[in-house]
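Colleague: let me see the structure of the following:
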Amino acid sequence: MSDRPVPAGEPGQTPGWPPQQSPTGPAGAGPGAPQPPWGPGGFQPQGPSEPDWAALAASHEQQQRKRRRLFRLGGAAVAVLVVGGIVVGAVLVTGKKSDTPQADGTRSPAASASASGSKDPAPTASGTPHGIQGPPTVGSLPATKGSIALGLGSDAKPGAVPGVQGQVLKLPSGQNSFAQTAEQVIDTSKSFTVSARVLVDVPAGNRSAVSQGDGQYYSFALGRSASDSRNLWYFKVQLPGGGSAVAYSKGDATVNQWAVLTGVYDDATRQITLYVNGVAQASAPASGIQESGTDALQVGRLSSNSQWTDPWHGAVLDIQTWGQVLPEADIVKIVAGASSPPATAPANAWLTG
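Modeller: Sure, this is the predicted structure:
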């Protein structure tokens, strides 16, 4: 709190303070007359008296003795303080770092951890250790390969569609039209392959079929991009330190037709490649891939600027991931589906077979 005096009438003023002058003074005085500095008996004048010189001399000697005694005690206290200062200084030099405020006025992370008795959580490179918030999941979809389930948003509905064997995940778009894992699926510091069979039923707009990350920006995304008046399939990754790398399809993205999108990151060659229906489309250099929050897998959306965006409008199935560069012969087999599975089994899969 501030120590400045509070003017009368300002918030925080104690009611009735300062006391108000009585409109009338003492009995017999006129309005506003001040109280006299003497009692009701009135002022009693006294005559001059002779000083007691002996008493004054004794008092002066007593005061001198007190000053000499205080001076000796003060010197001893200074000596103690000097020795104590040396000891304290040694402790500060050899002990823990002091709790020195930083430039922004907050305590250093080490000091905060020491004060609280626990270490601060180490933030991810995106600066969002626990991921951005979003609508809750209301159900789950078990994995067909691996043990990681997909939590479902309230508008994401598994179901059947004509001409497709098995179930698909219907995504009508919107904030509740998504699925996500509760943990990391792909280690983006190493080579990997991600694939999904997708159908988009709106002719334009940015749409994300599969992505990973819930930080400020996704780590990778597979979907459709509206670019220069064209709608193209894409595989895009965020680079460490900022920027991105993207590989686009050669032809326009189809509408109301199933397509198999496969993205590959090769850590040895430091490049990404997009395949559409088993055919290589384009490659782009990528010095690495930026992590994103908890790195949870997302279906039907991606995180951008700390918000969920690019909702998918259509359906998705055959979602599969590998912790390696999948050979092109296996990438072609993905298109055939369950009738001719890849020789290399996926590490994780949903809605397959």
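Colleague: only C-alpha atoms from now on, for both contacts and neighbour counts.
Modeller: Will do.
Colleague: do a quick rundown of the strands in the stretch 251-353 of the chain.
Modeller: Along the stretch 251-353 of the chain, counting by DSSP state E, counting those that start in this stretch, strands occupy 259-266, 271-276, 279-285, 296-299, 302-304, 307-309, 314-322, 348-350.
Colleague: between those strands, which gets nearest to residue 172?
Modeller: The closest approach between residue 172 and any of the strands of the stretch 251-353 of the chain, judged by C-alpha to C-alpha, belongs to strand 314-322 at 6.0 Å.
Colleague: residues making contact with the closest one?
Modeller: Strand 314-322 is contacted from outside by 167-173, 186, 192-202, 209, 337, 345-353, using C-alpha atoms under 8 Å, 6 or more residues apart in numbering.
Colleague: closest to residue 214 out of the strands of the stretch 251-353 of the chain?
Modeller: Taking the strands of the stretch 251-353 of the chain one by one with C-alpha to C-alpha, strand 302-304 is closest: 5.7 Å.
Colleague: can you give me the buried ones in that closest one?
Modeller: Judged by neighbour count using 16 or more other C-alpha atoms under 10 Å, the buried positions of strand 302-304 are 302, 303.
Colleague: ok, back up a step: could the strands of the stretch 251-353 of the chain be laid out in a markdown table, adding mean pLDDT and distance to residue 162?
Modeller: Output for these, formatted as a markdown table (pLDDT from 0 to 100; distance: least, C-alpha to C-alpha, whole Å):
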| stretch | mean pLDDT | distance to residue 162 |
| --- | --- | --- |
| strand 259-266 | 98 | 16 |
| strand 271-276 | 98 | 22 |
| strand 279-285 | 98 | 26 |
| strand 296-299 | 98 | 22 |
| strand 302-304 | 96 | 28 |
| strand 307-309 | 96 | 29 |
| strand 314-322 | 98 | 12 |
| strand 348-350 | 98 | 19 |
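Colleague: adding distance to residue 138, write the ones you listed out as CSV.
Modeller: As requested, those are exported to CSV (distance: least, C-alpha to C-alpha, whole Å):
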stretch, distance to residue 138
strand 259-266, 28
strand 271-276, 32
strand 279-285, 37
strand 296-299, 15
strand 302-304, 19
strand 307-309, 18
strand 314-322, 19
strand 348-350, 18
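Colleague: residue contacts, residue 347?
Modeller: With contact set as C-alpha under 8 Å, 6+ apart, residue 347 has these partners: 145, 146, 320, 321, 322, 323.
Colleague: what is the fifth one paired to in the beta sheet?
Modeller: Spelled out, it's residue 322. Beta-bridge pairing of residue 322 under DSSP bridges involves residue 193.
Colleague: what's the neighbour count on residue 131?
Modeller: By other C-alpha atoms under 10 Å, the residues close to residue 131 number 20.
Colleague: for residue 284, same thing?
Modeller: Neighbours of residue 284 under the rule other C-alpha under 10 Å: 17.
Colleague: please look at residue 176 and residue 157 and confirm they touch.
Modeller: No - Residue 176 is beyond contact range of residue 157, at 10.6 Å (criterion: C-alpha atoms under 8 Å).
Colleague: could you list the low-pLDDT ranges of this protein?
Modeller: Along the chain, segments meeting pLDDT under 70 span 1-130.
Colleague: give the contact list for the nearest residue to residue 283 once chain neighbours are set aside.
Modeller: Using C-alpha to C-alpha, 6 or more residues apart in numbering and skipping the chain neighbours, the partner closest in space to residue 283 is residue 273 (4.2 Å). Counting by C-alpha under 8 Å, 6+ apart, residue 273 touches 235, 247, 263, 264, 265, 280, 281, 282, 283, 284.
Colleague: which element is residue 226 on?
Modeller: Element membership for residue 226 (DSSP states H and E) is strand 220-227.
Colleague: and that strand, what's buried?
Modeller: Buried residues in strand 220-227 (16+ other C-alpha under 10 Å): 220, 221, 222, 223, 224, 225, 226.
Colleague: can you redo those residues as TSV with distance to residue 137?
Modeller: Output for the buried residues of strand 220-227, formatted as TSV (distance: C-alpha to C-alpha, whole Å):
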residue	distance to residue 137
220	22
221	21
222	22
223	22
224	25
225	27
226	29
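Colleague: how close does the closest residue to residue 314 other than its chain neighbours get to residue 256?
Modeller: Computed as C-alpha to C-alpha, 6+ apart, the closest residue to residue 314 that is not its neighbour in sequence is residue 200, at 4.5 Å. The gap separating residue 200 from residue 256 is 6 Å, by C-alpha to C-alpha, to the nearest Å.
Colleague: residue 167: what's it in contact with?
Modeller: Contacts for residue 167 (C-alpha under 8 Å, 6+ apart) come out as 158, 159, 160, 161, 317, 351.
Colleague: list phi and psi for residue 147.
Modeller: phi -120, psi 10 (degrees, to the nearest 10).
Colleague: against residue 280, how distant is it?
Modeller: Residue 147 sits 30 Å away from residue 280 when distances are taken as C-alpha to C-alpha.
Colleague: who has more neighbours out of these two?
Modeller: The neighbour comparison of residue 147 against residue 280 (other C-alpha under 10 Å) goes to residue 280, with 17 against 11.
Colleague: so that one makes contact with residue 274?
Modeller: Yes - look at residue 280 against residue 274 with C-alpha under 8 Å: they come within range, at 6.0 Å.
Colleague: excluding chain neighbours, give the residue nearest to residue 298 in space.
Modeller: Spatial nearest neighbour of residue 298, chain neighbours left out: residue 180 (4.5 Å); criterion: C-alpha to C-alpha, 6+ apart.
Colleague: follow-up on the earlier one: joint contacts of residue 200 and residue 256?
Modeller: What both residue 200 and residue 256 touch, as defined by C-alpha under 8 Å, 6+ apart, is an empty set.
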